[in-house]
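Asks: need coordinates for the following:
(chains A and B)
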Amino acid sequence: MEVGGVLTYEGSKCLRQRLILSTLSGKPVRIRNIRAKADDPGLKDYEVSFIRLLDCLNNGSSIEGHRVLSGATVHACPFCKTPISITLTGITNNELDPTVDMICASLVPVLRRFVGGDDGPSVKCVRRGMSPGGGGRVVFTCPVRRSLTAFQWMDSGQIKRIRGVAYTSRVTPTVANRMLDAAKGMFLKFLTDVYFTVDNAKAVSPGFGLCAVAESNKGTIVCAEAMSHTPGQEGGVAGAAASTPEEIGEKAASRLLEEIWRGGCVDAIAQPLLLTFMALAPTDVSKAVLGPLTPYTMHFLRHLRDFFHVTFKIDEHKEERIAEDDSSLPERRTGAAKLVLTCIGVGYSNIGKGQI
Amino acid sequence: MKFRPLTWRTTHPFVIVDRYEDITNPETLRTNSKCDRNVVLYGYVRGIPFHQFQPVHIPGCGDYKLKDISFLPDPCPLPEHMKKRALNAKERLTYAPLSGVGGVVYDKDAVYIDLGGSHHGNKNKNIANESEDEDDVFQPLLDLQKTTDEKQAQSQIQLFPQSKFIGNDDFNEEQGDNPEIFKDGSGRTVETVKDSTGRIRRRPIFSDGLEDEDSNDDDEESESDESMSDEEESEEDVSNEMEPPRKKTKSTSHVKEDTHKSSSGSDSEDYDLDADLKEVQKTQAVQDSQIESLLTNRTETSTPHRTPHLKNNSSSSVTAKLQGLLEKISTSTSQQLKTNDTHDMSDEKELSENKPDEDDSDEDDTDGDEDVKAQYRKMMLKQASSDFYKSQSTVSFLRKFIYTDLKEEEDSSSEEDDNNIGGLFYKVSQSKSSKHLSQTAMDEVDTSRYIPPALRDWSKDEVFNSIKDCFVTGEWKESENAQTLLKMDDDGDIFGDFEDLESGKKFTADSAEANKEEIDENIVPQHEDKEKSAKEKLIEKKRRLKEMFDAEYDEKGNGDHFDSLKAEMSQQAQLNRAEFEGLDDEARVQYEGYRPGMYVRMEFDKFPCEFITNFNASYPVIVGGLLENESNMGFIRIRIKLHRWYPKILKNRDPLILSLGWRRFQTLMYYAKREDNFRMRSLKYARKYMHVEAMCWGPITAINTGFVALQNITDRVPEFRIAANGVVLEADQSCKIVKKLKLMGTPEKILKKTAFIKDMFHSDTEIAKFEGAKIETQSGIRGIIKKFQGDRGHFRATFEDVIKMSDVIILKTWVPLEMAKHCFPVRTLLLPPSEKAAWQGMKTVAQVKKNKGIKNLANPDSLYTPITKRREYVPLPLKVPKELQKALPYSEKPKITPKAAKEQRVIVVKDPKEIEMDSFMKRLKTMMEDKIQKEEKEKEERRKKFQKDIDDREHMRQVREKRKKAAACRIKSKKYGKKDIV
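Replies: Presented below is the predicted three-dimensional model:
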């Protein structure tokens, strides 16, 4: 809602979305009642560091707060003043957020597709850091672009291979093999081209997980991940049984299959990124096929409307069929019903990137 | 010459205003004639589509936000038949912007017809010929037999495909709360309840034996509706009052169409999209909440961050109750029922809590027993879960789910006012628990990852099969299918033409057989054609090579880069046109904005009254749309060049009026030169005949936007007015222009190459900032600042050579300029005509000085003084060091010149005695010398003899020693044997 010309929101939910979109659109945003009812009201320290990061990237931001207020950065970076190279430290893998492997696998290709160039964006995990110990190190580089181009991404293709990484930290290396054996067992029913790498890291905290990536013949990349619980709080309840590597492997595999079932040109975590690029494109029609929208994406769509006044046209995706004898042919079994999102971009241009 | 369209116009929408209306409430106008006005501007959209929420700038007026924008039918549509020699009176089209010619004026919801006075119609009959044309236009309107209301009463409408037609009679029948039950589009049974105001409500009925509950609630709803409708009526009255009367000198008749307000939603004749949407929303409101709840259930991170929306003064209806139940199940709070206007989010407990506050509709409510609710809950959840993906796929619903509830959210801000009863007291509207719940929903974990809550068993066949074709191992798309591709090949040439590259022979399908024979035949006359075929072969080979080369280089990509770009652009343009072609304008506007060529009505509030009072139709009014970040201010860096016809020069910090994009503003310009190391050095004046960079405070504008600068826009001046032009290079929030600063100090104490410097800084903290900075003396001896010494601002520095006490130590630095943030929009549109051309804004320093007669005294150091005569130069004698002299060749060596003869002394004349004495002395001297010589000789002989003596004695001693040693050894060897001696 808008109060006195300032977009005003409540609560800590979607904080990053709002801040990023505010940064991009140059519109002031006010977020009130952050954890007003919680025992420790106000911003958490990871949110504070996110704001610090934004402040570093920005030029001329001013943040006011009586009670002072990671992944989302990717959105804004192509529109910075200067090319950036950030070294982020902390936890690289946890159960809640997109892990560094997922970002590498899913977001970076999307970013590269639209930002592109020889000096294209990259995310490099220098060292892993499991929760709660952290200690990971990730280097993110991204060039600067002045504007984007409109695009139509209508065909997600078919999955041609499955890759992935099984990572462990401070556990016996056989865990990785056990995980990927279990995962492979599920994938091999669909496809033979399944290959995993093992990364036996030595992070601060122990943990293990499996990130599976499916690549299609049209450049679509879908990824999913499962990892062990944080030590000490298994399943959120202290003392609950820790998961076995086989369970993790199967979980990761079935999550990936679920993602494949959902389908679309990008996977669930890359949906908002793709929509951002669509909305910021020149005033031309952009189209993309997506699977069912995630709640986060739905919020993102709303926020895109708030900040950029871009309304997406949502249609059902129907596969083109050759007219001849379609009555006899059964529908292709490609999982959930897909959506076509269409919008006209706002013609965003990076005003910060100067000319000599 | 081909002119390319201006980039600004292809990236910004704009409207040239051809009509305006002042719709301010006349009462406020009466009380305060200078109050801010509500103004409506009309015109055709140009450039690119105009967005609904686009911020706008009106040149000469300022930045505004659109309160409302809508499109109207084109007042001057294109004539349908192009070939016409003359227009007859009926088809006359008059379009005269800002003149009011034409008589008929269309507005958003009304058509105004100028009749020329109250007895116009009568007059016309008398003076028939005079206004014949006008009659032709208005006669159909004047001849109307029925009013719109009557027409509406007769019309019928079908809301859903299966439903029967609803006419006005149906409403009358239903007046007594006769619920009409019919099936809606999705096959769900829906009950229509008609209330006193003719409003239709619908809610789903489930055939699970819950009729009793329903019937209980019916009364309740009707009661609530009654109370609601009263309210709405009053609201409507208010809105009618607010409807601004037209400001017209002549009397106007007012044919007003129905506005399709939500209150009179379904019974309108024109079944427009808006009403439709609302209707569907009503029926699907419950479904919405299901989805919402299910979403939250599925993801286990409940999505909605909406605050519970309360309108407690409106009593709880059945639908509201249903919702309340749902919300108890999930934490979500649904806002879908805005148009239903009665929604109470709270749970059952809260309902009962609230009851004492509400005067009616309580008694029935209490008997809602738990069993029924549990059933409800179960059923709703079950249905919702089964419908979830199905309803996601019904995209129209998804669209609404994502985009509509946002509006409801806004209403929550008014919740406080609603709860206010009589100033002092507040209704307790939310129980703590629900508030807490909504808060937790707002503060949920913020993650972009989607984790499917429940994992399916992929080993099951049906689950497994559901995604089988997602893989390359599954079935391919028909267009990509190998079979289809083969088939397509079949049609063309599966056994088609191919070329034997070896022999260079071509084979075709139908002549395959024939070829065989041919080959056989060819063998026979081989020898004859040998020469010929060799030649042909060579030609053929060359041709093939050329083709290969062409395919790889010359004709690659079928044209050059420019062509492919053009093709891409045209393809995109075609897509842009085709994408929203089928939609109707109302929906299209939502996605696309108002397309160029549409006639739009733009409403503004808080418009300055001067716009109305000083309006001049000869002065164009442009409403220019701004892009997202263009309404912000910042420092803009520009490249500027003084116009070569402009007679003056531009001084740093002098005001300049820029025309940039839509805007015209006066700002202070700071000129700078970009040096080789990219430093922007401040300049005192803009260079002539040369581009310089400059910075100023102004609206952020897209890069590469051109501008024109003027120093004054006042009345006509004899000289050329355009001072400069240029282009925007960058937007920034900090100033990058720097100015040179030299800090000077003197040595306090010098220790060889180290020195202590004073008078440069005031404190040690200042020095701490400059540690390691380079310094130098005026003579160029370089040094470095080491460390502060004491707290008086002294510091230690080292130099490359010994400096002198008389030296001045200089520290060269650059300081960023502090720029004044002055930017004043030129508001010529608001000025009265007399002042329009006289506006000046800020004056230049020179003008101010001239006006006030201020003359600055020049710094005497900067003045030129006459050159006085220099003293003569006396070179010092050249001294060549001895070492150097030695090394020089003889020709270069300084020569030893013979000494000048001694000066003649006074001649002494000796007397004979003296001469004798002299000779005696001479003899004595000679004798003495001789004697000494002799003694010397003897001494030498003595010494030699003595030396010989010593040498002899030494020799003898050595011989003795030798003998002694030999004797001793002999004895020893006899005693111990030879071995032990060694």
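
Asks: need the residues of the stretch 651-800 of chain B near chain A, please.
Replies: B:674, B:678, B:700-704, B:729-734 (CB under 8 Å from any CB of the partner chain). (Each C-beta comes from the backbone N, C-alpha and C, glycine too.)

Asks: buried among the residues you listed? Need that as a selection in ChimeraX.
Replies: The following ChimeraX command selects only the buried members of those, with burial defined by 16 or more other CB atoms under 10 Å in any protein chain shown:
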select /B:674,700,701,702,703,729,730,731,732,733
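
Asks: ok, of the residues of the stretch 651-800 of chain B next to chain A, which one's closest to B:K948?
Replies: Using CB to CB, B:F678 is the member of those that sits closest to B:K948, with 95.3 Å.

Asks: with adjacent residues omitted, what lies nearest to that closest one?
Replies: In space, not counting the residues next to it along the chain, B:F678 is nearest to A:I356; the distance is 7.8 Å by CB to CB, 6 or more residues apart in numbering or on different chains.

Asks: assign that neighbour to helix, strand or coil.
Replies: Using DSSP: H, G, I helix; E, B strand; the rest coil as the criterion, the local structure at A:I356 reads coil.

Asks: how about it, what does it touch?
Replies: Taking CB atoms under 8 Å, 6 or more residues apart in numbering or on different chains as the criterion, A:I356 is in contact with B:674, B:678, B:729.

Asks: doesn't B:I757 belong to a strand?
Replies: Yes. In this structure, B:I757 lies within a strand as judged by three-state DSSP.

Asks: what about the strands in the stretch 701-850 of chain B?
Replies: Taking DSSP state E, counting those that start in this stretch as the criterion, the stretch 701-850 of chain B contains strands spanning B:706-710, B:722-732, B:737-751, B:754-758, B:774-777, B:782-789, B:794-799, B:809-816, B:823-825.

Asks: B:K974: which of the residues of the stretch 651-800 of chain B next to chain A is nearest?
Replies: Using CB to CB, the shortest approach to B:K974 within those belongs to B:F678, at 104.3 Å.

Asks: before we move on, back to that, quick check: the gap between the residue nearest to B:F678 and B:L924.
Replies: The gap separating A:I356 from B:L924 is 104 Å, by CB to CB, to the nearest Å.

Asks: next, format the strands of the stretch 701-850 of chain B as TSV and append distance to B:L668 and mean pLDDT.
Replies: Supplementary listing: the strands of the stretch 701-850 of chain B in TSV, determined by distance: least, CB to CB, whole Å; pLDDT from 0 to 100:
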stretch	distance to B:L668	mean pLDDT
strand B:706-710	12	94
strand B:722-732	14	91
strand B:737-751	12	93
strand B:754-758	38	93
strand B:774-777	34	94
strand B:782-789	36	92
strand B:794-799	38	94
strand B:809-816	16	93
strand B:823-825	8	93
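
Asks: B:L545: which of these is closest?
Replies: strand B:722-732 (51.0 Å).

Asks: and the closest one, what does it pack onto?
Replies: On a contact count with 3 or more CB pairs under 8 Å, 6 or more residues apart in numbering or on different chains; DSSP states H and E, strand B:722-732 meets strand B:633-642, strand B:655-660, strand B:691-699, strand B:706-710.

Asks: and if we set it to 7 Å?
Replies: Contact here means 3 or more CB pairs under 7 Å, 6 or more residues apart in numbering or on different chains; DSSP states H and E; on that basis strand B:722-732 packs against strand B:633-642, strand B:706-710.

Asks: partner strands of that strand and their direction?
Replies: In the sheet containing strand B:722-732, the strands it pairs with under DSSP bridges are strand B:633-642 (antiparallel), strand B:706-710 (antiparallel).

Asks: any idea which helix or strand comes after the helix or strand bottoming out on mean pLDDT in chain A?
Replies: The weakest-scoring helix or strand in chain A, judged by mean pLDDT, DSSP states H and E, is helix A:73-76 (a mean of 48). Next in sequence after helix A:73-76, counting helices and strands by DSSP states H and E, comes strand A:84-90.

Asks: what count of nearby residues applies to B:E719?
Replies: Neighbours of B:E719 under the rule other CB atoms under 10 Å in any protein chain shown: 8.

Asks: how about it: what's its closest non-neighbour residue?
Replies: Residue nearest to B:E719 in three dimensions, not counting chain neighbours: B:P647, with 5.0 Å by CB to CB, 6+ apart.

Asks: near chain A, which residues of the stretch 1-150 of chain B?
Replies: Counting by CB under 7 Å from any CB of the partner chain, the residues of the stretch 1-150 of chain B lying close to chain A are B:11, B:48, B:51-53.

Asks: make it 10 Å
Replies: Contact residues, the stretch 1-150 of chain B versus chain A (CB under 10 Å from any CB of the partner chain): B:10-13, B:47-49, B:51-55, B:65.

Asks: of these, which is the nearest to B:P620?
Replies: Each of the residues of the stretch 1-150 of chain B next to chain A was scored against B:P620 by CB to CB, and B:G47 proved nearest at 15.2 Å.

Asks: check whether the closest one really touches A:G347, as I assumed.
Replies: No. Look at B:G47 against A:G347 with CB atoms under 10 Å: they stay out of range, at 11.3 Å.

Asks: okay, and the common contacts of the two?
Replies: A:283, B:10-12 (CB atoms under 10 Å, 6 or more residues apart in numbering or on different chains).

Asks: out of those, which end up buried?
Replies: By the neighbour-count criterion of 16+ other CB under 10 Å, the shared contacts of B:G47 and A:G347 include these buried positions: A:283, B:11-12.

Asks: chain A: helices as residue ranges?
Replies: Under the criterion DSSP state H, chain A contains helices at A:15-25, A:45-57, A:73-76, A:100-102, A:108-115, A:174-187, A:245-262, A:271-280, A:295-308.

Asks: what does the pLDDT read for the residue lying closest to A:P41 once chain neighbours are set aside?
Replies: Of all residues beyond its chain neighbours, the one nearest A:P41 is A:R35 (4.8 Å), with distances taken as CB to CB, 6+ apart. According to the predicted model, the pLDDT of A:R35 comes to 79.

Asks: quick one, helices of the stretch 451-600 of chain B?
Replies: Taking DSSP state H, counting those that start in this stretch to define them, one finds helices in the stretch 451-600 of chain B at B:461-466, B:482-493, B:512-523, B:530-549, B:561-579, B:585-592.

Asks: thought A:P282 was touching A:R146?
Replies: No. Distance between A:P282 and A:R146: 11.2 Å, which falls outside the contact criterion (CB under 10 Å).

Asks: shared neighbours, those two?
Replies: Contact criterion CB under 10 Å, 6+ apart; residues bridging A:P282 and A:R146 by contacting each: A:348-349.

Asks: how is chain A carved up into domains?
Replies: Per automatic domain parsing, the domain ranges recorded for chain A read A:1-68, A:159-262, A:263-356.

Asks: in helices only, show me the shared contacts of B:G47 and A:G347.
Replies: Per DSSP H, the shared contacts of B:G47 and A:G347 map to helices at B:10-11.

Asks: residues of the stretch 501-650 of chain B that sit close to chain A?
Replies: For the stretch 501-650 of chain B, the residues in contact with chain A (CB under 10 Å from any CB) are B:568-569, B:571-580, B:583, B:587-593, B:627-632, B:634-637, B:639.

Asks: buried among those? Make that a ChimeraX selection.
Replies: With 16+ other CB under 10 Å as the criterion, this ChimeraX line picks the buried residues out of these:
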select /B:572,575,576,579,580,587,588,589,590,591,592,593,627,628,629,630,631,632,634,635,636,637,639
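
Asks: what's the end-to-end length of stretch B:22-39?
Replies: One end of stretch B:22-39 sits 5 Å from the other (CA to CA, to the nearest Å).

Asks: mind listing what's buried along that stretch?
Replies: Of the residues in stretch B:22-39, those buried by neighbour count under the rule 16+ other CB under 10 Å are B:22-25, B:29, B:37-39.

Asks: repeat for stretch B:470-485
Replies: Along stretch B:470-485, the positions that meet the burial threshold by neighbour count (16+ other CB under 10 Å) are B:470-478.
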